[in-house]
Every structure is written in structure tokens, then in C-alpha cells.
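Chemist: predicted structure and sequence below. I'll ask about it afterward.
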Amino acid sequence: MKELSFLTILACAFVLPAQAEDIVHDAEYKILERQHSQKWQEQDKAIDKKLADIRMNNGDERPNIIYLLVDDLSYGQMGNRKMNHVMGVNTKNINDFANEGLSLERMYTEPSCTPTRAAMMTGRHPIRSGSSEVKVTLVGEGLSKDEVTIAEVLSEAGYSTSHVGKWHQGDIEESYPHNQGFDYAAFPAHQQVQLSLMTKEAALANNLFGWNDTMQNNDFVIDKTFRPNGMVTGLEARKGEMAKEVHMPAGHEWSQADYHEMNVRYQRQAIDQLQQLSKLNKPFYLQYWPLYPLNFVHDQTPNVTRNGGFMAEKLQLLDTWFGEFLNELDNLGIADNTVVILMADNGLMYHYGGPSGLSELIYRGGKTDFLEGGIRTDAYVRWPGVIEANSAASDIIHVSDLYTTIARIAQATDQIPRDRIIDGIDQTALLLEGETNGRRDYVYVYQNETLAAVVKNEFKMHVPTPGMPGAAAPVFNVYRDPREENPHIGMALWSGASFQDMMKRHMMMIQKYPHLPLGKGVPYSGIENLRPETVKLVDDFKSWH
């Protein structure tokens, strides 16, 4: 064996650790990276220095991060004084907040709540995790333990993590937030269809048909399990423990009053978590996902609006609560070193348009649509002294980008998995350097498991039906035609092939990195105090599985 020299041994002793593998992105990002890699690498060095300077100016502490995700609000329905006047709703606190930071004017989400939330939590299109569909009642499915959430990424990097409010990522033990990286969680097992719509009050308001058995005689009902009863309502849990159902005694009939109290409780718990987290000697990530403004009856609570719709009123109430939350952030003296993100998860639930008080406004469509009205929402980011106040950016950004961007800001990028596609693009340059510094010019838009549209720059192709050539597919210029009503053959003729190339590259990457399966299990597993009526509901479910 050849004898090693002293210099060789010395060199081996000081070998630098191997560089982490690059994050795996979709092929379309690679197209952009090949063209701009040198510029972006140089910019990233400057951004790293800026982030280091920010930490040094804050006692070498990383920033706290707060993410507020509001349900079912279309673009223009919060944060804009003029649109407030159009709607007859006042969102003054959100308007002021929007003026204190960066407005992301071209934020794309998924068409409905579960997919959007999964995209943000995993940094991946929900089709990749199986979380592409909204489920209303118990299904025995949810976000898999094999997914790596932003909470897990931040927790591994030393952050404290809390979740308060809507979750909607599944009804099995592995999918609950305290099993997906959160130290503490207060959340409903399901969502507002159960909590506000599946109530006697909503039936009396003629907004729910057929479920409440007091509204019809049911003389010919044979199957008593078709209408689910005994569903779990609100849960609380800590990491490593079982969940507990709270404020729901056995035999109690859930009501609109219970739903309102749940909303009040979550607002109180969000502020309480803010207070508790601020006392810890470590940075924190707080996720607050309110249930309001989604509501289906007038329940005579304050904040009556000029609009008068039952969701519009709750939007104004939510604005009041948001102001209280921000005031507490100021009172705690931590606002300057806290990034706050506020946005909506998808467009309005237009199925209840009119009485709800919410309308499409600018873009056509809403919840469940691949049209711009379903996937374009208001989004605002505030980081005092870092992000320019009263600024706006029209760069394309997708909700999954928050995953990688938050990880970069928190020095947690090394915790992002490298064995799967991460759709989220690091948009720190956009936040810190402003408009035209985005690194995405495309979006793939899914409806459940179907690729429904592809966005590139100002162009959007509705995916053609099988057999239709790309040159004949409907292509829209969303600047000239924001409501997607007038496809023009003059755009499709040249762009059809390019769009189809984008789709081919996307599908080739799926073949290389197959989707992970959705988590499966017994509904309500991991809850220690199931009510007798819930046990019966689960037994009925298990009888045919």
C-alpha cells in the first residue's frame, strides 16, 4: 500500500463537507435556470449577505414567521380601499397592512382549499401528494407521513411551530398538524361545510338541503348511515401526544352558535400562541388559518356592513380580528423581526353568490375553477425595514413558492428533501429586491388530478380535449382578457406547440419522480376521547373497508 504523505493526511483532515444536492425542480424551472443561472448566482450572494446583515442587526436572531391564510376570497376582496367601496365592506386593517409591505399582485393558488394548503405545506403541486381533492366528511385519508412539511423543515432548523385554525389535510392520525411538524395545534377535524353549513340554522336559511332530518319526514329512509352524524369537530394536541376533541359533549347537536364560538376561540388562541411563542428563546413559525369569512347564515354578530351578505359581514369581522392580532404583535415588541404573510387560498365560493355578499369582481370564476377567478388571490408580505413599504410586484408567484422562500429566510434550506420534485421556487429575491426579480414565469393548473390549464407569462392555455391539436386550443392573454372569454387563434397558432412542449416536459418529470400516495387509515385514529356517536360512525365506515 502506498504511504500517504504528511500533506495528504493534513488535507484529508480539513476536507470540507460535501455540498448538499440541489433541490429537484420541475423541468420548466430548469429552462429558466439555464438562461439566468449566472445572474441569479451573483444575486444570491448579495441576498445571503443581506439576510446575514438583517440577522446581525437583530441580535443574530433569525426572523419569526407568521402565515395567515384566509378562506375563499377572490382577488380584490381585501386590502384595497377602492374595492372596499365597490363591495360595501371595510377591511381597513388589512388595507393598512397591505400598504406597509409588498402586494403580490399575481399570486396563483390551487382551485380549492385542501390542494392550496397542501401545496404550501409541502412545496409541491397537490397532485404529487394525492391531496388534490376537497373532502367534506370522513374518508380515512390525508396528507401522508412521508411528505415533508414547512413546519417539519423549520422545526428541524430550530424553530418553534404552532398551528391555529382550519387545517383540512385529512382525518387520519398521520395527517394531523401535530404529526406534521407542529409543536402545538388547535384545529377542526374537517371544515366549514360541516361546521357552518351542516347545521339546523343553515337548513332553515335554505342553504342546505336534505341532511338535517328535522326538515323532512324521512318515511322511506332505509340506510341510516347515508347522512353522516357524529363527526368530530374541534381538536387540540401537542407533538407526540394524542389529539383531544374539545367543547363538544356527547349527544350535543352542533349549531351555528358553536361555530361562532369556535371562531372566537381560534382568534383568542392565535393571540395566546403569539404571546407564548414570543417568550421562548428561539424563533417561531405561527400559522393562523381562520374559518371566517366562510359562513352560511346571518347570526346577528357585530360588524354589520353596507353589503349585508352573510360572508361579507364575517370578512369585516375578520378584519377587526386581524387588527387585534397585529396590535398584539406590536405590543410584544417583536414586529420588526417578524415576517407576516396574509393571503387567501382560492376564489370565492360563488355557489352562494348574492346572499353571501361576495362576488367575482375582476376575474371570472371562483372556488373549484381553473379560471383566474378561482386561482388568483390577494397576497401581502410585511417585513419592516426589509421589504419596501407600499410596494407591489406583478411577477408570477405560486403558493408553493412560500415553502422554499420561507426556508431560505429561516436558514432551513438544507432541510428540504432532495428525493422528490419541489415545485416551490425560492422567491427571496422578489421579496427583498422587488418587482421584476421573480424567478417564475409559469404555472401548471390542476383540477383534482386533471391538468386543466398552463400559464406562461401573460398567456394561458386551457388544456385541449384529447384529439384537439395545440394550435386550436383556447389561448388567452390575461392582460387583455382577464375574464378568459375571448380566446384568439392568433395567439394559439404560435404558442400551441410551446405549451405542449411545457406539458411534455412536465409529464416526463412525473415519470422520473412518481407521485407519492395519499395517506390512508382509519378515520379519527389518534383521538383519545371519541364520543359514542362518533365511535358508531367510525364502525359504520370500517364495516365496508
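Modeler: Yep, it's here. Remember, it's a predicted structure, so these values are computed and weren't measured experimentally. Numbers count the residues shown, from 1 in each chain.

Chemist: what helix or strand is residue 98 on?
Modeler: Per DSSP states H and E: residue 98 is located in helix 92-99.

Chemist: so what does that helix touch, helix or strand wise?
Modeler: Packing partners of helix 92-99 (3 or more Cβ pairs under 8 Å, 6 or more residues apart in numbering; DSSP states H and E): helix 312-331, strand 338-344, strand 379-382. C-beta here means a position set from N, CA and C on the backbone, and glycine is covered the same way.

Chemist: what residues does the second one touch?
Modeler: By Cβ atoms under 8 Å, 6 or more residues apart in numbering, the surrounding residues in contact with strand 338-344 are 63-74, 77-79, 94, 97, 101, 104, 107, 109, 322, 326, 329, 377-383, 399, 402, 406, 409.

Chemist: where do the helices sit along the stretch 101-250 of the chain?
Modeler: In the stretch 101-250 of the chain, the helices defined using DSSP state H, counting those that start in this stretch lie at 113-122, 126-129, 150-156, 192, 200-204.

Chemist: show me where pLDDT drops low in the protein?
Modeler: Applying pLDDT under 70 to the chain flags residues 1-20, 300-303.

Chemist: quick one: closest of the helices of the stretch 101-250 of the chain to residue 276.
Modeler: Set against residue 276 and scored by Cβ to Cβ, the helices of the stretch 101-250 of the chain come closest in helix 150-156, at 16.2 Å.

Chemist: now do the buried residues in the closest one.
Modeler: Residues 150-155 are the ones in helix 150-156 that count as buried (16 or more other Cβ atoms under 10 Å).

Chemist: ok, so of those, who is nearest residue 351?
Modeler: residue 150 (30.5 Å).

Chemist: just say helix, strand or coil for the closest residue to that closest one other than its chain neighbours.
Modeler: Nearest non-adjacent residue to residue 150, counting by Cβ to Cβ, 6 or more residues apart in numbering: residue 403, 5.2 Å away. Reduced to three states with DSSP: H, G, I helix; E, B strand; the rest coil, the structure at residue 403 is helix.

Chemist: quick one, helices of the stretch 301-450 of the chain?
Modeler: Counting by DSSP H, counting those that start in this stretch, the helices of the stretch 301-450 of the chain are 312-331, 372-375, 401-409, 428-433.

Chemist: residues contacting the helix or strand where residue 535 lies, please?
Modeler: In the assignment (DSSP H and E), residue 535 maps to helix 532-542. Under the criterion Cβ under 8 Å, 6+ apart, residues 138, 140, 225, 228-232, 245, 250-251, 522-524, 530 lie in contact with helix 532-542.

Chemist: now, which of those residues sits nearest residue 312?
Modeler: residue 231 (27.7 Å).

Chemist: quick check: the gap between the closest one and residue 253.
Modeler: Distance of residue 231 to residue 253, computed by Cβ to Cβ, to the nearest Å: 12 Å.

Chemist: who's more crowded, these two?
Modeler: residue 231 (23 against 10; other Cβ atoms under 10 Å).

Chemist: ok, the more buried one to residue 311 distance?
Modeler: Residue 231 is 22 Å from residue 311, by Cβ to Cβ.

Chemist: residues contacting the closest residue to residue 395 other than its chain neighbours?
Modeler: Nearest residue to residue 395, sequence neighbours excluded (Cβ to Cβ, 6+ apart): residue 438, at 2.8 Å. Shown in contact with residue 438 (Cβ under 8 Å, 6+ apart): 393, 395-397, 427, 429-430.

Chemist: got phi/psi on residue 477?
Modeler: phi -100, psi 110 (degrees, to the nearest 10).

Chemist: ok, the closest residue to it other than its chain neighbours - contacts?
Modeler: Closest residue to residue 477 apart from its sequence neighbours, by Cβ to Cβ, 6+ apart: residue 458 at 5.4 Å. Going by Cβ under 8 Å, 6+ apart, residue 458 touches 477-479.

Chemist: quick check: PyMOL command selecting the buried ones in those.
Modeler: Buried residues among those (16+ other Cβ under 10 Å), as a PyMOL selection:
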select buried, resi 477+478
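
Chemist: so for stretch 527-535, what gets flagged as buried?
Modeler: Buried residues in stretch 527-535, counted by 16+ other Cβ under 10 Å: 527, 530-531, 534.

Chemist: related to what we said a few turns ago, buried subset of the contacts of strand 338-344 as a PyMOL selection?
Modeler: Here is the PyMOL command that selects the buried residues among the contacts of strand 338-344 (16+ other Cβ under 10 Å):
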select buried, resi 63+64+65+66+67+68+69+70+71+72+73+74+77+78+79+94+97+101+104+107+109+322+326+329+377+378+379+380+381+382+383+399+402+406+409
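
Chemist: pull the helix or strand where residue 504 lies out as PDB, backbone CA atoms only.
Modeler: Per DSSP H and E, residue 504 falls inside helix 489-512. Provided in PDB are the C-alpha atoms of helix 489-512 (Å, rounded to 0.1, in the frame of the first residue of the first chain):
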ATOM      1  CA  ILE A 489     -56.500  31.900 -32.800                       C
ATOM      2  CA  GLY A 490     -53.700  34.400 -33.500                       C
ATOM      3  CA  MET A 491     -52.100  33.500 -30.200                       C
ATOM      4  CA  ALA A 492     -52.700  29.800 -30.300                       C
ATOM      5  CA  LEU A 493     -51.100  29.300 -33.700                       C
ATOM      6  CA  TRP A 494     -47.700  30.200 -32.500                       C
ATOM      7  CA  SER A 495     -47.900  29.300 -28.800                       C
ATOM      8  CA  GLY A 496     -49.700  25.900 -29.100                       C
ATOM      9  CA  ALA A 497     -46.600  23.900 -29.700                       C
ATOM     10  CA  SER A 498     -44.700  25.700 -26.900                       C
ATOM     11  CA  PHE A 499     -47.400  25.000 -24.500                       C
ATOM     12  CA  GLN A 500     -47.500  21.300 -25.500                       C
ATOM     13  CA  ASP A 501     -43.700  21.200 -25.000                       C
ATOM     14  CA  MET A 502     -44.200  22.500 -21.500                       C
ATOM     15  CA  MET A 503     -46.800  19.800 -20.800                       C
ATOM     16  CA  LYS A 504     -44.500  17.100 -22.200                       C
ATOM     17  CA  ARG A 505     -41.600  18.200 -20.000                       C
ATOM     18  CA  HIS A 506     -43.900  18.300 -17.000                       C
ATOM     19  CA  MET A 507     -45.100  14.700 -17.700                       C
ATOM     20  CA  MET A 508     -41.600  13.400 -18.300                       C
ATOM     21  CA  MET A 509     -40.500  14.700 -14.900                       C
ATOM     22  CA  ILE A 510     -43.600  12.900 -13.300                       C
ATOM     23  CA  GLN A 511     -42.400   9.700 -14.900                       C
ATOM     24  CA  LYS A 512     -38.900  10.200 -13.400                       C
END
